[in-house]
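In: when you get a sec, could you give me coordinates for this:
(one chain, ligands or ions: 2)
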Amino acid sequence: MEQNTMQPHIRCSKEVGAAYAILPGDPQRIDRVLPFLDNPAEISYNREFRTAVGFFRGIKVMITSTGIGGPSLGIAAEELGKIGVETLIRIGSCGALQPGIKLGDLIIPAGAVRDEGTSATYIDKGYPAIPDPVLMQALLYCAEELGYTYHCGRIRSHDSFYTDIESEVDRFWGEKGILASDMETAPLFVIGGLRNLKTASVLNVVVEKEGELEKAINSYVDGGQAILGGEEKEIRLVLEMIYYLEQRKRDNQQIYEE
Ligand SMILES: O=P(O)(O)O[C@H]1O[C@H](CO)[C@@H](O)[C@H]1O
Ligand SMILES: O=c1cc[nH]c(=O)[nH]1
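Out: Ligands and ions are numbered 1, 2, ... in the order given. From the prediction side, this is the model:
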């Protein structure tokens, strides 16, 4: 498919001209990113895929929601790659699997257990679900600079919420040192690796370990303060990281040209 072809699901083409895409699951999270940007504009909304563009300190970014789960994340990531996006960073929510991780803390995944179906349709489970190392290093640096509480380590991406064994499964992975669960990070990392896209993820904790899942997610939707604070931090962190990367690129170019 030609790169400038209108993509069937995200309904965007190469005309957008952004190298960076920020990926919330929830289309409404885009409303909380737009106040950080200059000249923000929504450019498409089809199914769960809502896209807006804007500028952060002069850098063009697009924000595309991916919906819930690996299949729709996979469609969004593939179509974004086809229109020339090079770097995809998820801003998601997650449930903590370790004690001491609090609502609104940030998780920076260094890898993800591939406990979902989408990435398995691409390649054997032995293929690692890991972020781009440069992006991860930049996220850690910027989180330190911003003074945010974060936890970096392994997470798990899953496909189900309400099976009869959810709590046992969570306990199992918690005992293996897994920090948190979400549904899209592993397929994002795997598809990124296979398609030569740079990927990373930042997750906001919306359920504490063995917390009441439904109550906690209702509280997020209803505007729970700690959780919304975490969301604002993940947005700011990712934007600062994009700026930091662009500054570094510019400095390196200057050194090269001198
Ligand atoms: O808040 P988002 O980014 O959608 O992420 C999490 O929330 C959804 C489930 O409530 C899943 O998509 C999960 O990964
Ligand atoms: O356990 C959880 C909690 C929030 N979101 C998820 O994807 N999983």
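
In: if I look at the nearest residue to P8 once chain neighbours are set aside, how far off is ligand 1?
Out: Spatial nearest neighbour of P8, chain neighbours left out: E79 (7.4 Å); criterion: CB to CB, 6 or more residues apart in numbering. Quick note: C-beta positions are derived from backbone N, CA and C, even for glycine. Separation of E79 from ligand 1 (CB to the nearest ligand atom, to the nearest Å): 18 Å.

In: just L80 next, same as before
Out: Counting by CB to the nearest ligand atom, the gap from L80 to ligand 1 is 16 Å.

In: quick check: phi and psi on that residue?
Out: As for L80, its main-chain torsions (degrees, to the nearest 10) stand at phi -60, psi -40.

In: got a list of what it touches?
Out: Going by CB atoms under 8 Å, 6 or more residues apart in numbering, L80 touches I10, C12, A21, M62, T64, L88, L197.

In: please identify which pair of those lies farthest apart.
Out: Greatest spatial distance in those: C12 and L197, 15.6 Å, computed using CB to CB.

In: tell me which parts of this protein are close to ligand 2?
Out: Within reach of ligand 2 by CB under 6 Å from any ligand atom, the chain has these residues: S93, C94, G95, S181, D182, M183, V206, V207, L213.

In: restricted to helices, list these.
Out: Using DSSP state H to define helices, the subset of these located there is L213.

In: out of the residues of the chain next to ligand 2, who's near ligand 1?
Out: With CB under 6 Å from any ligand atom as the criterion, the residues of the chain next to ligand 2 include S93, D182, M183 near ligand 1.

In: in the stretch 151-258 of the chain, which spans are helices?
Out: Assigned by DSSP state H, counting those that start in this stretch, the helices in the stretch 151-258 of the chain fall at 166-175, 185-195, 213-221, 225-257.

In: in this protein, what residue comes closest to ligand 1?
Out: Closest contact between the chain and ligand 1, by CB to the nearest ligand atom, is at G25 (2.0 Å).

In: can you give me the pLDDT of that residue?
Out: With respect to pLDDT, G25 scores 98.

In: wait, it sits on M183?
Out: Yes: using CB atoms under 8 Å, G25 is in contact with M183, at 7.4 Å.

In: now, the ones next to ligand 1 among the residues of the chain next to ligand 2 that are in strands?
Out: S93, D182 (DSSP state E).

In: who has more neighbours, G25 and M183?
Out: Between G25 and M183, counting by other CB atoms under 10 Å, M183 is the more crowded of the two (26 against 20).

In: which ones are touching the nearest residue to that one once chain neighbours are set aside?
Out: For M183, ignoring the flanking residues on the chain, the nearest one in space by CB to CB, 6+ apart is G69 at 5.0 Å. The contact partners of G69, by CB under 8 Å, 6+ apart, come to E116, T118, D159, M183, E184.

In: same deal with E79?
Out: With CB under 8 Å, 6+ apart, E79 has these contacts: Q7, P8, H9, I10, C12.

In: thought the third one was touching A76?
Out: Pointing back at H9 there. Yes: with contacts counted by CB under 8 Å, H9 reaches A76, the gap being 7.1 Å.

In: residue of the stretch 51-200 of the chain nearest ligand 2, please.
Out: Nearest residue of the stretch 51-200 of the chain to ligand 2, counting by CB to the nearest ligand atom: G95, 2.8 Å away.

In: please identify the helix or strand for the residue nearest the centre of the chain.
Out: Using CA atoms, centre = their mean, the residue of the chain that lies closest to the mean C-alpha position is R90, 1.1 Å off. Taking DSSP states H and E as the criterion, the element that holds R90 is strand 87-96.

In: picking up where we left off before, who's the closest spatial neighbour of the residue nearest to the centre of the chain, skipping the chain neighbours?
Out: In this structure, R90 finds its nearest non-sequential neighbour in S201, 4.1 Å apart by CB to CB, 6+ apart.

In: from E15, how far out is the one you found?
Out: Counting by CB to CB, to the nearest Å, the separation of S201 from E15 is 27 Å.

In: how far is stretch 149-160 from where the chain is centred?
Out: Relative to the centre of its chain, stretch 149-160 is centred 11 Å away, using CA atoms, centre = their mean, to the nearest Å.
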